[in-house]
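J.: Sequence plus the predicted model coming up.
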Amino acid sequence: MAGDPDLETTAKILLELQGNGADMVELGIPYSDPLADGPIIQLAASRALSAGTSPDRVFKMLSELRDDLSIPIILFTYSNPLINRGLEEFCLEASKVGVSGLVVPDLPLEEAEKLSEIAESKGIDLILLVAPTTPKDRMKKIAETSKGFTYLVSVTGVTGERSSLKDNVGSLVQQLKDSSSSPIAVGFGISDVKHIEQVREWGADGAIVGSALVKRIANASTEMKVEEAGSFCKELRAATN
């Protein structure tokens, strides 16, 4: 979450994650009503907003990192901040600071096409989400529309750590692979090495770890937040090699 605890620390964490094997980083822009997020991310967003984090400040931080940050950055935000700023302007500013992708969890497929076209014109992939409850035909359409990769949500409900993953996720991965050539990354509930290994076994192309990382950062002392993020990333990365 950008700005949790502050943007200076966020910048250091991004570089630390890059140095410890992250293929890309999903960077949340804090929002007051994060519908898809559980309590861990909600609290992180609240702390970031209290610290004065805004889209403009996030863009400024990313601009200052451009020479050092080589892995793709995917912004995670919601429809309201995008509409408030203007889809065209938001995507333009994001492209200027090197953003590669965009995830907007409350944007339905029917409304995604316009944003996808705008984002693509600025060199940004709009990544769409598929849920376990998504009908098969609609799942295929979402996977065909999604750019970069398809984000497979492993559970019904909001983000957050889970002790285990549902067995049906493996069949969902296969369904997506049968219906589209888009790479598949599994998220929501992925929180440890065991989960990473399970996702690999199912044949997915990536695993997305959010709440578990945010929790580690939040629980670490001020002096250890960056190091804690890096060591956790290194631990997870080892499970993919």
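T.: On my side now, so go ahead.
J.: does the one residue sitting closest to the centre of the chain sit in a helix, a strand or a coil?
T.: Against the mean C-alpha coordinate of the chain, by CA atoms, centre = their mean, the closest residue is residue 26 at 3.4 Å. Residue 26 carries the three-state label strand when classified by DSSP: H, G, I helix; E, B strand; the rest coil.
J.: Once you drop chain neighbours, what's closest to it?
T.: In space, not counting the residues next to it along the chain, residue 26 is nearest to residue 74; the distance is 4.7 Å by CB to CB, 6 or more residues apart in numbering. (Each C-beta comes from the backbone N, C-alpha and C, glycine too.)
J.: Now for the one you found: which residues touch it?
T.: Counting by CB atoms under 8 Å, 6 or more residues apart in numbering, residue 74 touches 24-27, 99-103, 127, 148.
J.: next one: residue 16
T.: Contact partners of residue 16, counting by CB under 8 Å, 6+ apart, are 226-227, 229-230, 233.
J.: if we go to 10 Å?
T.: The neighbourhood of residue 16, defined by CB atoms under 10 Å, 6 or more residues apart in numbering, consists of 22, 225-231, 233-234.
J.: these two touch, right, residue 25 and residue 17?
T.: Yes - under the criterion of CB atoms under 10 Å, residue 25 is in contact with residue 17, at a separation of 5.6 Å.
J.: anything in contact with each of those two?
T.: By the contact definition CB under 10 Å, 6+ apart, residue 25 and residue 17 are jointly contacted by 69, 71, 213, 233.
J.: Once you drop chain neighbours, what's closest to residue 126?
T.: With CB to CB, 6+ apart as the criterion, residue 126 has its nearest non-adjacent residue at 4.2 Å, and that residue is residue 116.
J.: quick check, that neighbour in a helix?
T.: Yes - secondary structure of residue 116, determined by three-state DSSP: located in a helix.
J.: circling back to that earlier point, now find how far off-centre the helix or strand hosting the residue nearest to residue 26 is within its chain.
T.: Assignment of secondary structure by DSSP states H and E places residue 74 within strand 73-76. Relative to the mean C-alpha coordinate of its chain, strand 73-76 is positioned 6 Å out (CA atoms, centre = their mean, to the nearest Å).
J.: which residues touch the helix or strand just after it?
T.: Taking DSSP H and E as the definition, the helix or strand that follows strand 73-76 towards the C-terminus is helix 79-85. Residues external to helix 79-85 that are found in contact with it (CB under 10 Å, 6+ apart): 29-33, 35, 54-56, 75, 77, 87, 89-91, 93, 102, 104-108, 111, 115, 118.
J.: Which members of those are positioned in strands?
T.: Within these, residues falling in strands by DSSP state E are 75, 102.
J.: Can you tell me which of the contacts of helix 79-85 are buried?
T.: Applying 16 or more other CB atoms under 10 Å to the contacts of helix 79-85, the neighbour count classes 29-31, 54-55, 75, 77, 90-91, 93, 102, 104-105, 107, 115, 118 as buried.
J.: Residue 198: which of the residues you listed is nearest?
T.: Ranked by distance to residue 198 (CB to CB), the buried ones among the contacts of helix 79-85 are led by residue 105 at 22.8 Å.
J.: List the residues that contact the closest one.
T.: Residue 105 makes contact with 34-37, 76-79, 127-129, 131, 151, 153, 158-159, 188, according to CB under 10 Å, 6+ apart.
J.: can you count the residues close to residue 223?
T.: Burial of residue 223 is recorded as 8 neighbouring residues (other CB atoms under 10 Å).
J.: nope, residue 241 is what I was after
T.: The number of residues packed near residue 241 is 5, by other CB under 10 Å.
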